[in-house]
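Chemist: mind looking at a prediction? Sequence and model below.
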Amino acid sequence: MAKQSFAGKVVWITGASSGIGKSLALVFHRTGAKLILSARRTDALEEVQRECGAGPDVHILPLDLANLDELSGRVETALGFFGHVDCMVHNAGVALRDTAIHTDLEVDQRIMATNYFGPVAITKALLPSMLARGGGQFVVVGSLSGKYGGPLLSSYAASKHALHGFFESLRAEVHSDNIGITFVIPGFIRTPIATHALTRNGAAFGRTLDVHERGMDPDECAERILRAVERGKREALVGGLEVYTVHMHRFFPATFEALIRNHPVKRLNRLKRLFSFRKGESV
Ligand SMILES: NC(=O)c1ccc[n+]([C@@H]2O[C@H](COP(=O)([O-])OP(=O)(O)OC[C@H]3O[C@@H](n4cnc5c(N)ncnc54)[C@H](OP(=O)(O)O)[C@@H]3O)[C@@H](O)[C@H]2O)c1
């Protein structure tokens, strides 16, 4: 398959105010893409816009993915900036860091709205314009938690599994309409995802985890995502040794479950010491 170029293409990135999304904005900007940057925090989006050079090719579009009623209007606004959207990057997300039994249902619903129903609402509102133009691209940032569940992650894992199911089904429906879908599965990336993660009553967890602090640099992650999308990959695992747990879970499910049952992070660190795979060779 020929390598796709993003020069002059319109790329809409959610979660562009922080972490992987911010790095994606800068990486796509360097390709010559026109950008629409979304998240809730306008000031943080303006900062990323400035880092991109603040030219006419970078618009910000603040939105809250959990406010499903506002999203079709936001899609109209996005289409109005450049007339169309070539590539939609569903990157925004919020994690959970608490036990299922103690987590308020409202928190589960907020996570499902942000990570699943929000992207689905945007996709449904955007698809007709892509089909009318003869094609488009979706990049969906999932998680290892979209491949297997683990302690303290219940509704986060559910939302990422749901994304897989939705976009795999969509891929089958639009396979002859020139709509590409790349599913990205990051491992541990050095971002404030744990700091922003919700706990049982909706309060933020408020601190980073060791695995993320020692994880892949978000700029490297964004470069790898760009390469995967340019090459039209269906799915890209991006991270260090931890991404191989996808295969371990698939082929040795019972052993894997026993391994992550109590302290997944501690066990993964132990695994990391046991093997000596080179980091970041998965894309
Ligand atoms: N870091 C990792 O190790 C890792 C691993 C696997 C998967 N991921 C996935 O990677 C994606 C990016 O996460 P990250 O690591 O870059 O974390 P992050 O730094 O916390 O970024 C999350 C982004 O999502 C936005 N966001 C959160 N809630 C939102 C809402 N209701 N409406 C709109 N935007 C919202 C945030 O912006 P505002 O706060 O301004 O709204 C922020 O820009 C997520 O989907 C996450 O699940 C990350």
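Modeler: Nice, I can see it. Residues are numbered from 1 along each chain as shown.

Chemist: give me every residue in the stretch 151-283 of the chain lying close to the ligand.
Modeler: Counting by C-beta under 6 Å from any ligand atom, the stretch 151-283 of the chain comes close to the ligand at 186, 188, 189, 191, 192, 193, 196, 212, 215. All C-beta spots, glycine's among them, are computed from the backbone N, C-alpha and C.

Chemist: what sits against the last one?
Modeler: The reference is to residue 215. 187, 188, 189, 190, 191, 239, 240 (C-beta atoms under 8 Å, 6 or more residues apart in numbering).

Chemist: mind giving me the ChimeraX command for buried ones among the residues of the stretch 151-283 of the chain next to the ligand?
Modeler: Those of those that meet the burial criterion (16 or more other C-beta atoms under 10 Å) are gathered into one ChimeraX selection, given here:
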select :186,188,189,191,193,196,212,215
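
Chemist: any chance of CSV for the residues of the stretch 151-283 of the chain next to the ligand, columns secondary structure?
Modeler: Shown next, in CSV, are those (DSSP: H, G, I helix; E, B strand; the rest coil):
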residue, secondary structure
186, strand
188, coil
189, strand
191, coil
192, coil
193, helix
196, helix
212, helix
215, coil
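
Chemist: okay, the residues of the stretch 151-283 of the chain next to the ligand in a markdown table with pLDDT next?
Modeler: Supplementary listing: those in a markdown table, determined by pLDDT from 0 to 100:
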| residue | pLDDT |
| --- | --- |
| 186 | 98 |
| 188 | 98 |
| 189 | 98 |
| 191 | 98 |
| 192 | 98 |
| 193 | 98 |
| 196 | 98 |
| 212 | 96 |
| 215 | 97 |
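
Chemist: and the furthest pair within the contacts of residue 215?
Modeler: The most widely separated members of the contacts of residue 215 are 191 and 240, with 14.4 Å between them, by C-beta to C-beta.

Chemist: find the nearest non-adjacent residue to residue 111, please.
Modeler: The spatial neighbour of residue 111 that comes closest, neighbours along the chain excluded (C-beta to C-beta, 6 or more residues apart in numbering), is residue 155 at 4.5 Å.

Chemist: who's in contact with that neighbour?
Modeler: If you count contacts by C-beta under 8 Å, 6+ apart, residue 155 has them with 96, 100, 103, 107, 108, 111, 112.

Chemist: can you tell me which two in the residues you listed are farthest apart?
Modeler: Spatially, the most separated pair among the contacts of residue 155 is 100 and 112, at 13.4 Å (C-beta to C-beta).

Chemist: quick one: the strands in the stretch 101-250 of the chain?
Modeler: In chain order, the stretch 101-250 of the chain shows strands spanning 136-141, 179-186, 235-238, with DSSP state E, counting those that start in this stretch as the criterion.

Chemist: determine which stretch of the ones you listed is the most buried.
Modeler: strand 136-141 (a mean of 24; mean count of other C-beta atoms under 10 Å).

Chemist: got the angle between it and strand 179-186?
Modeler: Counting by axes from the mean of the first three to the mean of the last three C-alpha atoms, to 10 degrees, strand 136-141 lies at 10 degrees to strand 179-186.

Chemist: quick check, central residue of the chain?
Modeler: Centroid check for the chain by C-alpha atoms, centre = their mean gives residue 141 as the closest residue, at 2.5 Å.

Chemist: who does it form a beta bridge with?
Modeler: Beta-bridge partners of residue 141, counted by DSSP bridges, are residue 184.
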